[in-house]
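Student: Below are the sequence and a predicted model for it; my questions follow.
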Amino acid sequence: MTVSDDRARGQGKGKKKAGRASRVLQILVVHGPNLNLLGKREPEIYGTQTLADIDADLSVLAKELGVEIDSIQSNHEGELIDRIQESMGHADGILINPGGFTHSSVALRDALVATDLPVVEIHLSNVYARESFRKRSYVSPIAIGVISGLGAQGYQFGLEALVKRLT
Ligand code: DQA
């Protein structure tokens with residue numbers, strides 16, 4: 001994949017068109033800590049779908065939308081930051097569920113800002129209907145949009161919205 005200056009980044013957070021018609025949009029999907037446990041972890045809050053299920057559904061949708069996704073999960077803040085930095089020059093947008101780092105990580109937010117890519121923030125649960133510490137997100141102010149409380153479907157809506165923004 002060649003990197004070109006027609007990449008939909010920068011000014012307007014993805015409002016620019018992707019450029020050459022042949023260019024396939026690349027979306028980085030980032031799953032934060034403990035999301036590897038989906039399916040087993042508090043299913044009454046996070047549902048019964050596993051992360052593999054969510055990624056498989058996203059892959060189907062990505063194909064329909066004609067985009068490519070690269071999905072990563074890590075329980076480690078530095079690993080997530082490294083992967084986000086590495087996406088610079090490849091990715092056109094980022095779909096992220098930062099998990100618990102949503103509420104704590106300035107560094108993760110800084111990495112997202114550094115990419116200058118449009119970011120959509122996803123939460124399976126409605127973070128505003130839970131403990132008060134979950135109401136603060138370091139990511140929301142720099143995201144083009146936030147989807148919270150719609151379960152695994154939120155990822156689908158988020159991908160669609162991101163791709164629409166980029167095309
Ligand atoms: C979460 C909400 C966060 O508060 C929590 O720490 C998670 C999952 C969600 O998807 O609802 O790990 O991001």
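Tutor: Looks like it came in fine.
Student: buried set for the helix or strand of the chain with the lowest mean pLDDT?
Tutor: Lowest by mean pLDDT, DSSP states H and E among the helices and strands of the chain is helix 43-46, with a mean of 94. Residues residue 46 are the ones in helix 43-46 that count as buried (16 or more other C-beta atoms under 10 Å). C-betas here are computed from N, CA, C, even on glycine.
Student: swap in stretch 24-31?
Tutor: 25-31.
Student: and which of those residues is nearest the ligand?
Tutor: residue 31 (9.1 Å; C-beta to the nearest ligand atom).
Student: Assumed residue 146 was part of a strand.
Tutor: Yes. Residue state for residue 146 (DSSP: H, G, I helix; E, B strand; the rest coil) corresponds to a strand.
Student: what's the burial count for residue 132?
Tutor: Using other C-beta atoms under 10 Å, residue 132 has 7 neighbouring residues.
Student: Give me the distance between it and residue 105.
Tutor: 18 Å (C-beta to C-beta, to the nearest Å).
Student: before we move on, the earlier item: for the next helix or strand after the least confident helix or strand of the chain, report the contacting residues that lie outside it.
Tutor: Note on helix 43-46: by DSSP states H and E, the next helix or strand toward the C-terminus is helix 51-65. If you take C-beta atoms under 8 Å, 6 or more residues apart in numbering as the criterion, helix 51-65 is touched by 27, 29, 31, 35-36, 38-39, 68-69, 71, 73, 152, 155-156, 159-160, 163.
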